[in-house]
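Engineer: how does the following fold in three dimensions:
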Amino acid sequence: MEKIKKIDLHLHLDGSINKEYAEKLLNKKLTDELTIKEKCNNLKEYLDKFNLPISLLQTKENLEDFSYLLTKDLVNDNVIYAEIRFCPLFHTQKGLSEEEVIQSVLNGLKKNRQIKTNLILCMMRNLDYNQNVKIIELAYRFLKNGVVALDLAGDEEKYNNDKFVELFKLANKLNIPLTIHSGEVGDYNNILSAIKYGAKRIGHGINAIKDLKIIEEIKKNNITLEICPTSNVQTNAISKYENHPIKKLYECGVKITINTDNRTVSNITLSEEYNKLINDFNFTIQDFKLININAINSSFLDDNEKKQLLEIMNEK
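Structural biologist: Residues are numbered from 1 along each chain as shown. Next up, the predicted model:
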């Protein structure tokens, strides 16, 4: 599995902090502070694992160093392109401006020329309107300069998509591409609203399997699902791995991508995820190649960049 060239389109920066790096910053050994053992009671319990890495990533040096280390971890997993997402507002606790936060992360990512990366900036469901507008403004300022899209992340059960209509309108007005976390937990109609509000991709979207009409709507609108199987089980969105709907969605003709979500919190690599999918659902090497080609075509890159990646993907 390590030899397969891979794309990761749904990868959270804070949830993928290098454990050894965190231990060095804290000057102590960590056990399960950063990682889910097997399963959470709910999504909130999973999201609480972000608190420690966020507290560590509050200086230019730490943000840059960690971002570089993340690229090294990705290269070791044979990932050739990743869209990495995070909320810059969470990293200003020690006085950095949001612009400094984004630039520090970009500086770290650019140090590694073995992998192509871009950022997706996350609006958060628990932030107020003005804070999320600030994130839209930042995405617009850095668009095509290391930032390629906006996301809406956070507790989907507590805050559904309809609460954020004005933000989506603003993003669309500024022609900023959108992916929206929807249909992982809570009301699966969030998937329909995400499509209505302009999302080109859906973060998770696994509850689409509950309604054929939603599957047809996804296909009709050429929407891609960013699926993260191990994470879905850990957040209790899916009861157990063998019950995950990824193969059914794939066989229904839904465009899917396979992603880690949070490499450290979920304690998963794409190579390990692929092995699980082979063992539990009989996915094949050819399936993975087609899914990764689809990931390139569904990325927020321009056509020329997609073409270059497809050439790399098809190299022997």
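Engineer: run the chain-centre distance for stretch 207-216.
Structural biologist: Computed by C-alpha atoms, centre = their mean, to the nearest Å, the chain-centroid distance of stretch 207-216 equals 22 Å.
Engineer: quick one: end-to-end length of that stretch, please.
Structural biologist: Terminal residues of stretch 207-216 lie 13 Å apart, using C-alpha to C-alpha, to the nearest Å.
Engineer: buried residues, that stretch. List them.
Structural biologist: For stretch 207-216, a neighbour-count test (16 or more other C-beta atoms under 10 Å) marks N207, A208, I209, I214, I215 as buried. Using the backbone N, CA and C atoms, a C-beta is placed for each residue, glycine as well.
Engineer: who touches it?
Structural biologist: The contact list for stretch 207-216 (C-beta atoms under 8 Å, 6 or more residues apart in numbering) reads 183-185, 188-189, 191-192, 218, 225, 237, 245, 248-249, 252, 254.
Engineer: narrow those to those in helices?
Structural biologist: In helices, judged by DSSP state H, the following of the contacts of stretch 207-216 are found: I191, L192, I218, K248, L249.
Engineer: buried only: go through those residues for me.
Structural biologist: Neighbour counting with 16+ other C-beta under 10 Å marks I191, L192, I218, L249 as buried within the ones in helices among the contacts of stretch 207-216.
Engineer: what's the first helix or strand after the helix or strand harbouring I293?
Structural biologist: Assigned by DSSP states H and E, I293 belongs to helix 285-298. As assigned by DSSP H and E, the chain's next helix or strand after helix 285-298 is helix 303-314.
Engineer: output that following helix as CSV, restricted to C-alpha atoms.
Structural biologist: This file holds the C-alpha atoms of helix 303-314, laid out as CSV (Å, rounded to 0.1, in the frame of the first residue of the first chain):
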residue,chain,number,x,y,z
ASP,A,303,-6.6,22.5,-14.8
ASN,A,304,-2.9,22.8,-15.5
GLU,A,305,-1.9,21.7,-12.0
LYS,A,306,-4.4,18.8,-12.2
LYS,A,307,-2.8,17.7,-15.5
GLN,A,308,0.7,17.7,-13.9
LEU,A,309,-0.5,15.6,-11.0
LEU,A,310,-2.3,13.1,-13.2
GLU,A,311,1.0,12.7,-15.1
ILE,A,312,2.8,11.9,-11.8
MET,A,313,0.0,9.5,-10.8
ASN,A,314,0.3,7.6,-14.1
